[in-house]
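In: Please work out how this folds:
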Amino acid sequence: MQSLERLTYRGRHYSIQGAPLSENHDLWFKQRIKQTQLSSMALHRGYRGTWAIRGGRLWLDDIVVSVRDYTSPEEWTHGTRGLDWLFPGSDGPVFSEWFTGELPVGVGTVATLMYSRVWPRLRVFTIERGVVVANELRDNSTAYREQKAGFAKLIECLKAL
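Out: Predicted structure coming up:
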């Protein structure tokens with residue numbers, strides 16, 4: 001299961017349903033992000049960001065990026081880098097002016113089945129060029145109940161073995 005990124009909003013922590021960093025289409029950034037390395041099956045995107053909404057804006061507060069450190073053309077070791085590697089010259093939060101779209105985060109107790117997670121409610125932030133223009137709570141209870149029912153069926157099948 002993919003390790004989720006985290007968003008802090010009004011002192012609460014949420015799991016992000018998406019990847020706001022992937023919307024950065026700056027050429028230099030794209031070349032840099034290509035250096036990421038699969039660190040585990042739970043983190044195949046190669047990084048995990050910590051985000052926050054403050055002052056009506058989306059900020060990337062911190063990031064851990066898995067990269068290949070080449071010791072020679074044929075040999076490499078696994079290393080990690082931070083915010084200053086991905087955004088040179090920045091040692092603090094980075095304003096995400098590249099991101100436009102909806103950013104949903106899970107609210108409530110998560111239901112997990114195999115490789116998916118579903119929450120009973122979603123808080124959806126609508127963001128334009130890093131600025132939050134709308135924020136709504138959406139009901140996701142139908143999908144949540146279906147996920148929980150699927151989990152119950154899986155448990156019954158496993159018990160029958």
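In: residue ranges of the strands in this structure, please?
Out: For the chain, applying DSSP state E gives strands covering 6-9, 12-15, 47-54, 57-72, 75-81, 94-95, 101-107, 111-113, 116-118, 121-128, 131-139.
In: For Cys157, which of these is the nearest?
Out: Nearest to Cys157 among the strands of the chain is strand 111-113 (12.2 Å), distances taken as CB to CB. Every residue, glycine included, has its C-beta placed from N, CA and C.
In: that older thread, mean pLDDT for the strands of the chain: which is lowest?
Out: Looking at the strands of the chain, the lowest mean pLDDT belongs to strand 111-113 (a mean of 63).
In: Would you tell me which of the strands of the chain gets closest to Trp28?
Out: Closest to Trp28 of the strands of the chain, according to CB to CB: strand 94-95, at 13.9 Å.
In: Show me how far the closest one is from its chain's centre.
Out: 16 Å (CA atoms, centre = their mean, to the nearest Å).
In: quick one, phi psi at Pro93?
Out: phi -60, psi 150 (degrees, to the nearest 10).
In: got the strands of the chain as JSON lines, with mean neighbour count and distance to His25 columns?
Out: Compiled in JSON lines, the strands of the chain are given as follows (neighbours: other CB atoms under 10 Å; distance: least, CB to CB, whole Å):
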{"stretch": "strand 6-9", "mean neighbour count": "19", "distance to His25": "21"}
{"stretch": "strand 12-15", "mean neighbour count": "15", "distance to His25": "25"}
{"stretch": "strand 47-54", "mean neighbour count": "19", "distance to His25": "17"}
{"stretch": "strand 57-72", "mean neighbour count": "17", "distance to His25": "15"}
{"stretch": "strand 75-81", "mean neighbour count": "13", "distance to His25": "21"}
{"stretch": "strand 94-95", "mean neighbour count": "19", "distance to His25": "15"}
{"stretch": "strand 101-107", "mean neighbour count": "19", "distance to His25": "13"}
{"stretch": "strand 111-113", "mean neighbour count": "16", "distance to His25": "32"}
{"stretch": "strand 116-118", "mean neighbour count": "17", "distance to His25": "28"}
{"stretch": "strand 121-128", "mean neighbour count": "18", "distance to His25": "15"}
{"stretch": "strand 131-139", "mean neighbour count": "12", "distance to His25": "18"}
